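Asks: Following is a predicted model, sequence given first.
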Amino acid sequence: MSGRVKTLVLVFAGLAWLASLGVGLSVLWQYEHAPGAVIAAAPSSWPPHTGIGRVPGRATLVMLVHPQCPCSRASVGELALIMARAQGVVDAHVLFYQPAGASSNWHETDLWSAAAAIPGVDVAVDEDGAEADRFGVATSGHTLLYDDRGQLQFTGGITASRGHSGDNAGRSAIVSLLLHHAAEQRSTSVFGCSLLDRCLTRCGLFGRTLS
Amino acid sequence: MTAHTTDRLGAASVAARTGELLHEQQLRIYTQTDRLFAGLLLTEWLAGIGAAVWLSPRTWMGQVSQTHLHVWAAVYLGGAIAVFPLALVLTRSGKASTRHIIAVAQMLMSGLLIQLTGGRIETHFHVFGSLAFLSFYRDWRVLVPATLIVAADHFLRGLYWPQSVFGILAAGQWRWAEHAGWVLFEDVFLIASCRRGFQEMQNVAERSAELEASEARYRAIMEQSAEGICLLDAATTEVIECNAASRYLLGFADTEPIDPRVFASLELSQRLANPVGSDSTTHECPRVRRDGCLVYLSMTFSRISYGAREVICVVLRDTTERQRTEEALRHSEERYALAALGANDGLWDWDIKSGNAYLSRRWKQMLGLDEHIGSNAAEWFDRIHADDRPEFDLALAAHLDGRTAYFEHEHRILHADGTYRWVLSRGVAVRSEHGEPSRMAGSQADVTDRHVIEEQLRHDALHDALTSLPNRALFSELLERAVRRARRHDGYSFAVLFVDLDRFKVINDSLGHLIGDQLLKGVAERLKACLRDGDVIARFGGDELTILVDELQGSDAVHDVAIRIQDALKTPFVFGRHEICVTASIGVAVGPADYDRGAELLRDADIAMYQAKMLGKNRHEVFDVAMHRRALARLTLETDLRHAIDRQEFVLHFQPIVSLASKAIVGVEALVRWQRPDGRCVLPIEFMAVAEETGLIVPLGTWGLQEACKQMAPLQREFPTSPPLSIAVNVATRQLKQPKFIEQVASIIRNAGLAPGTLHLEITESAMLDSSEAMLTKLRQLKELGIQLYLDDFGTGYSSLSYLHRFPLDVIKIDRSFINRIDARSGDDTLVAAIVTLGKKLGMGVIAEGVETAAQLRQLESNHCQLAQGFLFSPAVDAAGLRDLFRAASSADHMVPGAHGIRPVLTLRPTSDDQVAQAV
């Protein structure tokens, strides 16, 4: 095979390779940045029937997490950063989804341990996702912030993409709200696993909406 | 080729090699880094899979889970990112395209890992780390695609997820600038680092190339060196390195390791014991070279630093030629020394410019000089004899000027004892390139002995060894000098005396040569005493002495000298029990007269001497013109005689021999006649003496004998008598003494067909003088051939009556001189009668010769002489005349007076005169 032909073959192979990588990375990118399902709006005020106790005059943060969701690991990590910035200012509750019929320790994962280890964070079990329903959360890592009067200030995710730690608009908004009582952004997308068995919105590899 | 050109070429080759090394280094780095990244990508891929499986293995929907996309991404995407570069590394490692692909793949893998690990890996750390790793290539161009990937990533992030790039807390634009600045900073840093690394590589390559070139030069020098070079480890003496020459010299093959034991020597031990920088030592030893030749090697050991260790550097040189040269030089010097010693010559070496001279011990010994004489050439030159010095200087100058090839001169030189020695000096000059002589060296040989010998030889060449008298050559030279002097000075006169000892041969032969020599010496002494101081006596040869009477004072003076000589010889010489009386015949020639040459005087003196001999010896004769004429005539006669023999000018005449009783011819005597071309008939008496002296008598006599027999034989047959006619032939004593004479006579008789017993040979009384046994034997042998022997001319020579007993003679022939006296009425007829009676008593026949008258005949008849011949009966006639005579004689039966007196008869039938027949 002559050198010129080899070069042409090499160039073609390289381009094909790049193209295939581009496609793959694009798919991964899309997956990473595909927000979780939203089944209902978050209540604008503290739900009265929730089992989470709110201390009047203090802000309350609630995060609902699927204990198996790897993506929520980043959310828990971001929560730790929020609590570190706003410790004493907010009461944080992390509710771990426990499906009905699951074993009693089904929720006791490293996420549970990580969340429980955050100072100021109270972890609890959300039996069968009742609280998730109350707060209108369907995606693991969904975080809600209620002010000291019980008014919803923020709702959404606190990671930039699925399972990705690092600066993000959600964390920045919550911190800003807690410290400065103001934020440019009050809601963000949530990137995480579905808390629901049925996939109502985007799910799967290609984000098909299933019912 | 100039050094500059060489440098340029060298620099060009170094540059080229630098490029090669750089390329090799780069290729090596590229390849290694390719492999490193291949491994890294593979590891990252696996790490990604592991991270995905560990961190986000499944994604959940309530209680339902499925494999997380990260896992798929890690496996497939990571694999895709890793596999292609991996394939390129395996097939195209080191290529630019490979590393560019790797750069892209690494950045993509880095991004993938960041995503898969959910931000656990700090993005910029991973990116910058990847870029830093890419700088391992030291090729800044590799950073370009990597940076482009980063730029693309940031661009896309900037579009879709700006917070991940710019952050939340800082202003986007400034963050962007800062971020861009950081990327640029790192890129610049990395590019600078790559370039710096590349430059370092280039420097290293250049240094390596230079080192290689330097090593190549030194390697070439080492390998091409004719000398062997070996490096031995100073600690272990193992051979570290060696060149081809060393292998060859030591006899090892190219691939064969050199056994360090070949270097084992005291010198090596010394070097091992001493530190670096100490003096080198040399060891010499024989060795068999690879080609089998035995060579001598010089091994020089020196201890040097060789990098981090110390080595012994061994330099091997083939000193065989030097050894041979030294050996040859040693032999040459020994040879020269031995030759000088053997020649026993002194040696000298003269520095012409400074005047100093080296004079060897032998040179000084030769002259009896002390060892410690000066070292100046004057020590030599000043000792040269004053008479020889000018010639010496001339010879020396001739050679120094280049006119002669070498210097050689014999001269006398002063010995320490005050005498002069003859020496032969030889030498040759050493010249500069301009031909200027600067030095001269040579030898000196003592030739004194040779000179003495030469003087002796010169003396011997000019003097007679026996008598020490001047010899013929010197006398001739002195005589010539006298002749020349006579030409120059009027009134100067001289004479030459030719002295021949009479009967010296008899004395020499009878008493022996020893006595003869003593006699000659004695004669020489006596003759010397007869001469004046200026006169010269020389031995001319044999028993001939010549005398040069110088400054002759009158013609009588020479007579006086001659008489003195003869008087001096009168006293007998006594040698032991031998007393010898000797006389001399002296011939005198007086100069200068008309003589031009000394040889003429000698010739004339010799002629005069012969005259003296002929006149009876023991006398002196002075040469005169008549003598010369006679001598000339004799010489002419001798010459003519020789020619006559060659030209066969001789004829035989025959004279009958007649029986006085019957007057019958009983035989003839053959007489030789010389019929000269001018018609003159020469009688034997005129030429026989010359023939006898010159030895021509032998061929003449032989011819005569042959011819006589040849002519007589047919006459015998034609005129048969009883007994047959005889033929008498004269035979000279010289003939008798010829070695083959007997055989010759027998052959002549046989060839001629002569009747047996009819040949009669007449010998003279001089033959009787040789009474040796050989002569007697010959005569007896002749007798055995049937030949009768006549004694001719009885009574005229040195006859001794005892000879008549000793010799087997048959007939005595009375000489004519006795017959001639018969008419004179003297007592001589008594002698004739006595001779006839003697003959009868001895049983010999007697023939009277020269009977010319009737009175003589009557007297002879009365004395009962048997035979006679002479004119009375017939003159000598030639063969034709003889035949006529025989015819006439055979026809007559009584004597009638013939024209000459008595006509003899020839009785063809047997005669009744038995006495005559028996006597004959």
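Replies: Cool, got the structure. None of the values given here were measured: they were computed from a predicted structure.
Asks: C-terminal to the helix or strand where B:Ile748 lies, what's the next element?
Replies: Taking DSSP states H and E as the criterion, B:Ile748 maps to helix B:741-752. Beyond helix B:741-752 in the direction of the C-terminus, DSSP H and E gives the next helix or strand as strand B:759-763.
Asks: in chain A, which spans are strands?
Replies: With DSSP state E as the criterion, chain A has strands at A:59-65, A:90-98, A:121-127, A:142-146, A:152-156, A:202-203, A:208-209.
Asks: For the helix holding B:Ile748, buried residues please.
Replies: B:741-742, B:745-746, B:748-749, B:752 (16 or more other C-beta atoms under 10 Å in any protein chain shown). (Each C-beta comes from the backbone N, C-alpha and C, glycine too.)
Asks: and if you look at stretch B:830-838?
Replies: For stretch B:830-838, by 16+ other C-beta under 10 Å, it's B:831-833, B:835-836, B:838.
Asks: Using CSV, lay out those together with secondary structure and distance to chain A.
Replies: Shown next, in CSV, are the buried residues of stretch B:830-838 (DSSP: H, G, I helix; E, B strand; the rest coil; distance: C-beta to the nearest C-beta, whole Å):
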residue, secondary structure, distance to chain A
B:Leu831, helix, 159
B:Val832, helix, 160
B:Ala833, helix, 163
B:Ile835, helix, 156
B:Val836, helix, 159
B:Leu838, helix, 156
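Asks: Show residues contacting the helix holding B:Ile748.
Replies: With contacts defined as C-beta atoms under 8 Å, 6 or more residues apart in numbering or on different chains, helix B:741-752 is touched by B:702, B:705-706, B:709-710, B:712-713, B:735, B:738, B:756, B:759, B:761, B:778, B:781-782, B:785, B:787.
Asks: Run the angle between that helix and strand B:759-763 for me.
Replies: On the basis of axes from the mean of the first three to the mean of the last three C-alpha atoms, to 10 degrees, helix B:741-752 is oriented at 150 degrees to strand B:759-763.
Asks: Distance from the chain centre to helix B:741-752, please.
Replies: In terms of C-alpha atoms, centre = their mean, to the nearest Å, the centre of helix B:741-752 is set 56 Å apart from its chain centre.
Asks: Give me the average confidence score over it.
Replies: Helix B:741-752 carries an average pLDDT of 92.
Asks: so what's the residue nearest the centre of chain A up against?
Replies: Nearest to the geometric centre of chain A sits A:Gly141, at 2.7 Å (C-alpha atoms, centre = their mean). Going by C-beta under 8 Å, 6+ apart, A:Gly141 touches A:36, A:63-65, A:69, A:71-72, A:74-75, A:157-159, A:190-192.
Asks: which residues in chain A form helices?
Replies: If DSSP state H is used as the criterion, the helices of chain A fall at A:3-32, A:72-85, A:110-116, A:130-135, A:169-180.
Asks: how about these, which one is nearest B:Gly587?
Replies: Evaluated over these, closeness to B:Gly587 peaks at helix A:3-32, with 134.2 Å, by C-beta to C-beta.
Asks: so does that closest one get close to chain B?
Replies: Yes - remark: helix A:3-32 sits within contact range of chain B at A:10, A:13-14, A:17-18, A:20-21, A:24-25, A:27-29, A:31-32, by C-beta under 8 Å from any C-beta of the partner chain.
Asks: for that helix, packing partners?
Replies: Packing partners of helix A:3-32 (3 or more C-beta pairs under 8 Å, 6 or more residues apart in numbering or on different chains; DSSP states H and E): helix B:69-72, helix B:78-92, helix B:96-116.
Asks: what about the residue lying closest to B:Pro592 once chain neighbours are set aside, neighbour count?
Replies: Spatial nearest neighbour of B:Pro592, chain neighbours left out: B:Ala486 (3.5 Å); criterion: C-beta to C-beta, 6 or more residues apart in numbering or on different chains. Neighbourhood size, B:Ala486 [other C-beta atoms under 10 Å in any protein chain shown]: 17.
Asks: Repeat that for B:Lys570.
Replies: Count around B:Lys570 with other C-beta under 10 Å applied: 10.
Asks: tell me the secondary structure for it?
Replies: The three-state label given to B:Lys570 by DSSP: H, G, I helix; E, B strand; the rest coil is coil.
Asks: just to revisit the earlier point, which pair of the contacts of A:Gly141 spans the longest distance?
Replies: Farthest pair in those, by C-beta to C-beta: A:Leu64 and A:Ala74, 15.0 Å.
Asks: about what we covered before: of the strands of chain A, which is nearest B:Arg431?
Replies: Here strand A:202-203 is closest among these (C-beta to C-beta), at 121.5 Å.
Asks: Please spell out which residues along the strand or helix carrying B:Ser476 are buried.
Replies: Following DSSP H and E, one finds B:Ser476 within helix B:472-488. Buried residues in helix B:472-488, counted by 16+ other C-beta under 10 Å: B:472, B:474-476, B:478-479, B:482-483, B:486.
Asks: Same question for stretch B:80-94.
Replies: For stretch B:80-94, by 16+ other C-beta under 10 Å, it's B:80-82, B:84-86, B:88-89, B:92-94.
Asks: With stretch A:56-70 instead?
Replies: Buried, per 16+ other C-beta under 10 Å, within stretch A:56-70: A:59-70.
Asks: again with stretch A:15-28
Replies: Quick answer for stretch A:15-28 (16+ other C-beta under 10 Å): A:17-18, A:21, A:24-25, A:27-28.
Asks: What of stretch B:502-517?
Replies: B:502, B:504, B:507-508, B:511, B:515-516.
Asks: Provide the secondary structure category for the most centrally placed residue in chain B.
Replies: The centre of chain B sits closest to B:Ala339, judged by C-alpha atoms, centre = their mean, with a distance of 19.2 Å. Look at B:Ala339: counting by three-state DSSP, its state is helix.
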